[in-house]
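1. next one to model:
(chains A and B)
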2 protein chains.
Amino acid sequence: MTENVERLCIQRITREGRRDTEDIVTQELPLTIILNNQELVTLLCSPTDLMHLAIGFLSSEGLLGSKDEIKKIVVDDQRGVVRVETEDDKETASGLIFKRVITSGCGRGASFYSTADVGGLVKVESQIRVSVLEVLALVKEFQHRSEAYRMTGGVHSAALCDNKSILVFNEDIGRHNAIDKIFGQCMLQGISTDNHLMITSGRISSEMLLKVARRNIPTLVSKSAPTDLAVRLASDLGVTLVGFVRGGRMNVYTYGWRIAIDGKQRSQTS
Amino acid sequence: MTENVERLCIQRITREGRRDTEDIVTQELPLTIILNNQELVTLLCSPTDLMHLAIGFLSSEGLLGSKDEIKKIVVDDQRGVVRVETEDDKETASGLIFKRVITSGCGRGASFYSTADVGGLVKVESQIRVSVLEVLALVKEFQHRSEAYRMTGGVHSAALCDNKSILVFNEDIGRHNAIDKIFGQCMLQGISTDNHLMITSGRISSEMLLKVARRNIPTLVSKSAPTDLAVRLASDLGVTLVGFVRGGRMNVYTYGWRIAIDGKQRSQTS
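-> Sure thing, here's the model as predicted:
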């Protein structure tokens, strides 16, 4: 059992009547991130890997460029606070917080990005390919890893992978948080995201796509559906977007050449 | 077919190879809400019922108390902008935006509420009950209504119900947006939420619970899982929280007395 669940007494009711029983629910913590003594944001998240989440969030929001900028990180698990001090005390909060985008997704939600940021993103040029059988094997491993989801039905998972295996895995009640935890760990441990795949259990909306493109990740894979805006951004930003990976098949929305047909397979259209 | 979907050319890849085909994806629109000439927020949402969404959002955030306060609403569907002018030009943005909570859920995300707001909420005292068979029938109707979800797998649904039928139904890529669209419609059309049920397709985290409690809704029903914080808030705020309504059964986390056992049923514990 993972640690971020709680046992509760509940009633289970059926057409036949009610009985008292026990249920396991996933935990939710309000985590406040304080950057250079300024309270930046409160995220609602699963109470694990708070340091990775805070660093990943700051990085995704463009408030932290590299590990070298970090002077100090203090994590208070009990109160749900992470304090981060950086070398360069950027003029962040006042200007950025006003221009916020509240995102749709099954995940954290708000994001500081503006249209200008989107325009400034560089197209992902990676020539890396991954085979269909590799994608299917990775997704199978990914599904086995998400124990908490199977217990409570309450969390999302994300994983950074190379073609052969999962390198970094995390989960959270917010699908954005799960990805930011991975990015935070990558930054702190010096793990490159270039030429890798990201797998997520959640639906793919525009801000998920932007988050991944910003890390130069060429391929984003989900068991679920994308939105039309996510597909357009994937097309603009050079990301291979794969959805509905289920039962040995998948939908490839953009840059299908990165998904290689294996030896015995052949293309029916080319 | 609902209007908020788009057809795309994609590749479907299986172990046997790839072929070009067509897929339907749900649309996503960045909607900017301008309150009294001040740009408040940009929501990522499904491009339907933008007026209801804007009004519901403002109401959920405590920036709009009643329909009478509204002087003017201008909706620009094409540019994704809703302008709202109110009688009372509250000092909203500057103070409120800084203290933001980015929420976890499969939905919009950010919320302006503070701990003080939570403390100020009044406990829901409604004595209304609903029977097990009524809940099961409502959830069955609810699932039939969500056409777009069945087509694209990409949206969440929400419904306000009395004991017998669905009164207001809506859907959105964000589960918070779906609920806010309902609240906006209720405010503009003078539909009371007292003594009613809210059904949502999404998981229930703390801010979903707060949103419903703020409207004095006594019962919140979901096919999915709640978090522990949502259960604690439901307990504190007098809300009956029902999860995992599936296959003729349900888990009741709080205030089970509001779910009445039907005539032929009996309690196995009391």
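2. surely A:Val130 and A:Ile261 touch.
-> No. The criterion here is CB atoms under 8 Å, and A:Val130 misses it with A:Ile261 at 11.3 Å. All C-beta atoms are positioned from the backbone trio N, CA, C, and that covers glycine.
3. between those two, which one's more packed in?
-> A:Val130 (23 against 20; other CB atoms under 10 Å in any protein chain shown).
4. buried sites along stretch A:13-20?
-> By neighbour count on 16 or more other CB atoms under 10 Å in any protein chain shown, the buried set for stretch A:13-20 is A:13-14, A:17-18.
5. could I get those residues in a markdown table, plus columns for distance to B:Ile55?
-> Converted to a markdown table, the buried residues of stretch A:13-20 look like this (distance: CB to CB, whole Å):
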| residue | distance to B:Ile55 |
| --- | --- |
| A:Ile13 | 35 |
| A:Thr14 | 39 |
| A:Gly17 | 42 |
| A:Arg18 | 39 |
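6. now those as JSON lines including secondary structure?
-> Output for the buried residues of stretch A:13-20, formatted as JSON lines (DSSP: H, G, I helix; E, B strand; the rest coil):
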{"residue": "A:Ile13", "secondary structure": "strand"}
{"residue": "A:Thr14", "secondary structure": "strand"}
{"residue": "A:Gly17", "secondary structure": "strand"}
{"residue": "A:Arg18", "secondary structure": "strand"}
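7. name all residues that make contact with the nearest residue to A:Ile179 once chain neighbours are set aside.
-> Leaving aside its chain neighbours, A:Ile179 sits nearest to A:Ala158 (4.7 Å; criterion: CB to CB, 6 or more residues apart in numbering or on different chains). A:Ala158 sits next to A:169-171, A:175, A:178-179, A:181-182, A:198-201 when contact means CB atoms under 8 Å, 6 or more residues apart in numbering or on different chains.
8. return the subset of those lying in strands.
-> A:169-171, A:198-200 (DSSP state E).
9. which one of the contacts of A:Ala158 is nearest B:Phe57?
-> Relative to B:Phe57, the closest of these is A:Arg175; by CB to CB it sits at 21.3 Å.
10. which stretches of chain A have low pLDDT?
-> A:1-3, A:88-119, A:147-149, A:263-270 (pLDDT under 70).
11. switch the cut-off to 80
-> For chain A, applying pLDDT under 80 flags the ranges A:1-3, A:88-120, A:146-153, A:262-270.
12. would you map out the domains in it?
-> Domains of chain A are assigned by automatic domain parsing as A:29-120, A:130-260.
13. from those domains, which stretch is densest packed?
-> Ranked by mean neighbour count, the domains of chain A are led by domain A:130-260 with a mean of 22 (mean count of other CB atoms under 10 Å in any protein chain shown).
14. pull the distance from that one to the chain's centre.
-> Relative to its chain's centre, domain A:130-260 lies at 7 Å (CA atoms, centre = their mean, to the nearest Å).
15. now the end-to-end length of it.
-> 6 Å (CA to CA, to the nearest Å).
16. returning to that earlier point: need the domains of chain A in CSV (columns: distance to B:Arg249).
-> Shown next, in CSV, are the domains of chain A (distance: least, CB to CB, whole Å):
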stretch, distance to B:Arg249
domain A:29-120, 24
domain A:130-260, 14
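17. rewinding a little: of the buried residues of stretch A:13-20, list those near chain B.
-> With CB under 8 Å from any CB of the partner chain as the criterion, the buried residues of stretch A:13-20 include A:13-14, A:17-18 near chain B.
18. how much space between A:Phe169 and A:His52?
-> Distance of A:Phe169 to A:His52, given as CB to CB, to the nearest Å: 12 Å.
19. common neighbours of these two, please.
-> With CB under 8 Å, 6+ apart, A:Phe169 and A:His52 have common neighbours A:Ile182.
20. quick one: end-to-end distance for stretch A:55-75.
-> 11 Å.
21. ditto for stretch A:211-223
-> This stretch, stretch A:211-223, spans 18 Å end to end (CA to CA).
22. let me see the ranges of the strands in the stretch 1-150 of chain A.
-> A:5-14, A:17-26, A:29-35, A:38-45, A:70-76, A:81-86, A:101-102, A:110-111, A:130-131 (DSSP state E, counting those that start in this stretch).
23. let's have the ones you listed in CSV, adding distance to B:Glu87.
-> Output for these, formatted as CSV (distance: least, CB to CB, whole Å):
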stretch, distance to B:Glu87
strand A:5-14, 45
strand A:17-26, 43
strand A:29-35, 34
strand A:38-45, 31
strand A:70-76, 43
strand A:81-86, 39
strand A:101-102, 25
strand A:110-111, 29
strand A:130-131, 58
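24. looking at these, which is closest to B:Gly154?
-> Judging the strands of the stretch 1-150 of chain A by CB to CB, what sits closest to B:Gly154 is strand A:101-102, at 17.9 Å.
25. contacts only, for the most centrally placed residue in chain A.
-> Among the residues of chain A, the one closest to the centroid is A:Ile179, at 2.1 Å (CA atoms, centre = their mean). By CB under 8 Å, 6+ apart, the contact list for A:Ile179 reads A:56, A:60, A:107, A:158, A:198, A:200, A:208, A:211-212.
26. and of these, the nearest to A:Ser146?
-> Nearest to A:Ser146 among those is A:Ala158, at 9.6 Å by CB to CB.
27. and the gap between A:Ile34 and A:Val82?
-> 7 Å.
28. nearest spatial neighbour of A:Phe57, skipping sequence neighbours?
-> Spatial nearest neighbour of A:Phe57, excluding adjacent residues (CB to CB, 6+ apart): A:Asp180 at 4.9 Å.
29. residues contacting the nearest residue to A:Asp76 once chain neighbours are set aside?
-> Of all residues not flanking A:Asp76 in the chain, A:Val82 sits nearest, at 7.4 Å (CB to CB, 6+ apart). With contacts defined as CB under 8 Å, 6+ apart, A:Val82 is in contact with A:31-34, A:50-51, A:53-54, A:73-76.
30. one more time with 10 Å, if that's ok
-> A:31-35, A:40, A:43, A:50-55, A:57-58, A:73-76 (CB atoms under 10 Å, 6 or more residues apart in numbering or on different chains).
31. equivalent analysis for A:Thr227, please.
-> A:104-105, A:203-206, A:208-209, A:233, B:4, B:6, B:25-29, B:44, B:46, B:152, B:154-155, B:173.
32. run the last query once more with 7 Å
-> Taking CB atoms under 7 Å, 6 or more residues apart in numbering or on different chains, we find A:Thr227 in contact with A:204-206, B:25-28, B:154, B:173.
33. of the residues you listed, which belong to helices?
-> A:Ser206 (DSSP state H).
34. do a quick rundown of the helices in the stretch 151-270 of chain A.
-> In the stretch 151-270 of chain A, helices defined by DSSP state H, counting those that start in this stretch lie at A:175-189, A:206-214, A:228-237, listed in chain order.
35. for the second one, name the packing helices and strands.
-> For helix A:206-214, the packing partners by 3 or more CB pairs under 7 Å, 6 or more residues apart in numbering or on different chains; DSSP states H and E come out as helix A:228-237.
36. wait, isn't A:Ser157 in contact with A:Ser146?
-> Yes. A:Ser157 lies in contact with A:Ser146 (CB atoms under 7 Å); the separation is 4.1 Å.
37. okay, and the common contacts of the two?
-> A:171, A:201.
38. sorry, back to before: make CSV out of the contacts of A:Ile179 and add distance to A:Ile191.
-> Shown next, in CSV, are the contacts of A:Ile179 (distance: CB to CB, whole Å):
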residue, distance to A:Ile191
A:Gly56, 12
A:Ser60, 15
A:Gly107, 22
A:Ala158, 14
A:Met198, 13
A:Thr200, 17
A:Met208, 20
A:Lys211, 16
A:Val212, 15
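39. near chain B, which residues of the stretch 151-270 of chain A are found?
-> Applying CB under 7 Å from any CB of the partner chain, one finds that the stretch 151-270 of chain A approaches chain B through A:152-154, A:173-174, A:177, A:203, A:205-207, A:224-231, A:248-253, A:256, A:259, A:261, A:265-269.
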